[in-house]
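*Asks:* Next come a sequence and a model predicted from it.
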Amino acid sequence: MNELIEEHKLDRHLTRELEEARNDVLAGQDNRLVDVIATMKDLTDFYPPHIHKEGAHFFPATSR
């Protein structure tokens, strides 16, 4: 459970980074586009194993 809590903290951090970089790009800071792309890659690398972990280990335990 603690591992999932830490992963959710990471998810919120990455989402915040993505939002800030996106807002900067929309404000004309084109140099931040590389940060949008990098953070999207981090999120797409993060989500599949995290979702698997929740589905395989956490949620089945809640139905017992």
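*Replies:* That came through fine.
*Asks:* quick one: the helices in this structure?
*Replies:* In the chain, the helices defined using DSSP state H lie at 2-26, 33-53, 59-62.
*Asks:* where does this structure have low pLDDT?
*Replies:* 61-64 (pLDDT under 70).
*Asks:* Go ahead and flag the most central residue of it.
*Replies:* When the chain is reduced to its mean C-alpha position, the closest residue under C-alpha atoms, centre = their mean turns out to be residue 11, at 3.4 Å.
*Asks:* isn't that residue right up against residue 50?
*Replies:* Yes - contact status for residue 11 versus residue 50: in contact at 7.3 Å, counting by C-beta atoms under 8 Å. Placement of C-beta: from N, CA and C, glycine included.
*Asks:* Quick check: neighbours shared by these two?
*Replies:* Overlap between the contact sets of residue 11 and residue 50, as judged by C-beta atoms under 8 Å, 6 or more residues apart in numbering, is nil.
*Asks:* neighbours around the closest residue to the residue nearest to the centre of the chain other than its chain neighbours, how many?
*Replies:* Ranked by C-beta to C-beta, 6 or more residues apart in numbering and with sequence neighbours excluded, the top spatial neighbour of residue 11 is residue 46, at 6.8 Å. By the criterion of other C-beta atoms under 10 Å, residue 46 has 14 neighbours.
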